[in-house]
Each structure stands twice: as C-alpha cells, then as structure tokens.
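Trainee: Could you look at this predicted model? Sequence included:
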Amino acid sequence: MNTINELKIFNESYDEQYGVNEMDLKKIESLVLHIEGSRDITTPQVGDIVQFTNSYGEYHAYAHIENVCKDQLYICEKPYVPFIEANQHTNKIKTSTSGGAWFFIPSNIRYVGTARKSFKTWGHNGPCANGAVQFTAEVSVWEYTKGEHKFTTKTHDKFLVHNREHDKETDYNYLISKGGQRHTAFKTKEEYQHWLKTFNGVEAAENNFNSIVVWTYKQVNTSIPLEEYLALRNANIDTVLWNGKHYECKRVVEGTTVTTYMPYMNDRIEINKI
C-alpha cells in the first residue's frame, strides 16, 4: 500500500522540489489498481518479473516484461525502474524502460509467485526535470531458462581467466575478471590452482585471446568483530592477499556458497608477523 508519507520517503528529492500531494497519491492509487487488477497467474502481463537465465548461464532475478506479443514476451534482463501508464479506456498498461540486454522469449513460461516491484510515473507537474514519482505494486513472477546449463550465476560465480604467461611485461600470469570488472590476479599456477580448489572452481570453456570461463561456488566476503572471528568454529583457516600483505581468514562452505570471514581492518591478523 502506498501512502503520502511512504511516497515522501520513497521520493525524497521529488518531495523537496515539488511536494508529494493528493493528486500524486490518487494517480498512483489508480495505477496500482490497474496493475494489480490486470495480473493473471496463467498468462504473463506487461510489468511482470521474469527470473531469467540467458544462454550464457547468467541469471537475472528481476527481468522486466516490456511487451506481450502473440506467442512471445519482450524482456529486459537488467532494467531501470520502468515508467508506467494506463489507458483509462482500454485498461491496458504500457511501460517504458531503459537497460539491457533485450530478448524475445516464449510466452508459455512457469509461474512462481508474486512480488512487489517499483514503477515510476510523472507527478502532478507533468513531464519535467526530476518530475517522476516512484511507487510499488504487486506483480506476478515467472521463470524462464534459455538452454540447458550445468552452472548458472543463480548458484555459482562466473569468471573469465586471462592467461598472461607469455607476456613479459607483467608479473601476474593469471588475471581474473567478473562481469567485466577486475576480481583478482595470481603470479603462479600454484596460486591459481589453490584458488580453484578453495572455491570448487571448474574450467568450463575456452574463449579467444588466451582466456577461459571458470565457474566457482558463490564467493561472499564479510568483515566481523575480532571476538566473533576468533569464536568462529567449523571453518577452514586460510590466507588472503590484501594490498600486498597476507592475512589470516576463515572460510565457511554452505551449499554452493563460500563465505570468507576476516576481522575488521585494524584487527586483521597479518601472517608475516606470526
């Protein structure tokens, strides 16, 4: 349920500039009625969520349905908050969002439940700078996986490992990236193999430019107070290279997730000093 107070909290910048008022609330209440009243547990609708896994095994929990065609859905796997409007005469809903990538998928996908989702609409000043109001409504959630996969990023992490053994300009022979961002690097094959073993890594496929895809268990890093760290039981003691220094860490494996625990920065245990 959206109230004026909730909308003020949700739209702090808009409220400061224009002031959330009853006109905004009435429009949003009408939109919510249109959105929630048009949901169908047998047929995906515009604005619904798809838990989508693409052909590369990359999982997106909040893909957005932009259009519903005869036998297909047009979805965005990484959407921004979509603008939404309702036709008062036909009761049809139309959304407009940015993001990517975009795909056509079959319309006969599996229903998994409901969830609240954020939308935007123009406030009482109409289209203008900072003039959109954000709100939530309950929509249906669906699931679709394109192709068959041994691993997906729903349960695992996906890395690209670049082999630089023949590059004389760097000391690091293994450069590892995730989602286009640098993740870590290793100088020796032994260090790289230790990383694979620690996170149950599997070299899955070769790419161009001396690189391969590697799937590992989900990797989670967290810092905790020293007292909690010392009291942590049923954990594997290991080391982490951090800013050129080796520190002790503890790793806990649960399902397909490896959580690495370290004390807060000032209390970290440097291996060189032990």
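Mentor: Arrived safely. Residues are numbered from 1 along each chain as shown.
Trainee: What is the least confident helix or strand in the chain?
Mentor: strand 202-206 (a mean of 87; mean pLDDT, DSSP states H and E).
Trainee: name the helices or strands packed onto that strand?
Mentor: Here strand 202-206 touches strand 211-224, going by 3 or more C-beta pairs under 8 Å, 6 or more residues apart in numbering; DSSP states H and E. In short, each C-beta sits where N, CA and C put it, glycine included.
Trainee: re earlier: list of residues touching the least confident helix or strand of the chain?
Mentor: Contact with strand 202-206 is made by 150-151, 161, 196, 212-216, as judged by C-beta atoms under 8 Å, 6 or more residues apart in numbering.
Trainee: Alpha carbons of it, as PDB, please.
Mentor: Provided in PDB are the C-alpha atoms of strand 202-206 (Å, rounded to 0.1, in the frame of the first residue of the first chain):
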ATOM      1  CA  VAL A 202      35.700 -25.700 -12.800                       C
ATOM      2  CA  GLU A 203      37.300 -24.600 -16.100                       C
ATOM      3  CA  ALA A 204      34.300 -24.700 -18.400                       C
ATOM      4  CA  ALA A 205      35.200 -23.400 -21.900                       C
ATOM      5  CA  GLU A 206      37.900 -21.700 -23.800                       C
END
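Trainee: That strand to strand 211-224, inter-axis angle?
Mentor: Per axes from the mean of the first three to the mean of the last three C-alpha atoms, to 10 degrees, the angle that strand 202-206 makes with strand 211-224 is 140 degrees.
Trainee: Could you give the separation of strand 202-206 from the chain centroid?
Mentor: Strand 202-206 has its average C-alpha position 23 Å from the chain's average C-alpha position, going by C-alpha atoms, centre = their mean, to the nearest Å.
Trainee: Strands of the stretch 101-250 of the chain, residue ranges please.
Mentor: Taking DSSP state E, counting those that start in this stretch as the test, the strands found in the stretch 101-250 of the chain are 110-122, 132-145, 156-163, 174-178, 181-186, 202-206, 211-224, 236-242, 245-254.
Trainee: which one's the longest helix in the protein?
Mentor: helix 22-37 (DSSP state H).
Trainee: Can you give the domain ranges for this protein?
Mentor: Using automatic domain parsing, the domain ranges for the chain come out as 4-145, 156-273.
Trainee: residues contacting the closest residue to residue 157 other than its chain neighbours?
Mentor: Take residue 157 and drop its neighbours on the chain: the residue closest to it by C-beta to C-beta, 6 or more residues apart in numbering is residue 216, 5.1 Å away. Neighbour list for residue 216: 156-157, 159, 196, 199-202, 258 [criterion: C-beta under 8 Å, 6+ apart].
Trainee: Now which of the contacts of strand 202-206 would you call buried?
Mentor: When neighbours are counted using 16 or more other C-beta atoms under 10 Å, the contacts of strand 202-206 contain these buried positions: 151, 161, 213-216.
Trainee: out of these, what pair is the most spread apart?
Mentor: Comparing every pair within these by C-beta to C-beta identifies 151 and 161 as the most remote, at 14.8 Å.
Trainee: list the contacts for residue 239?
Mentor: Contacts here follow C-beta under 8 Å, 6+ apart; on that basis residue 239 touches 246-249, 271.
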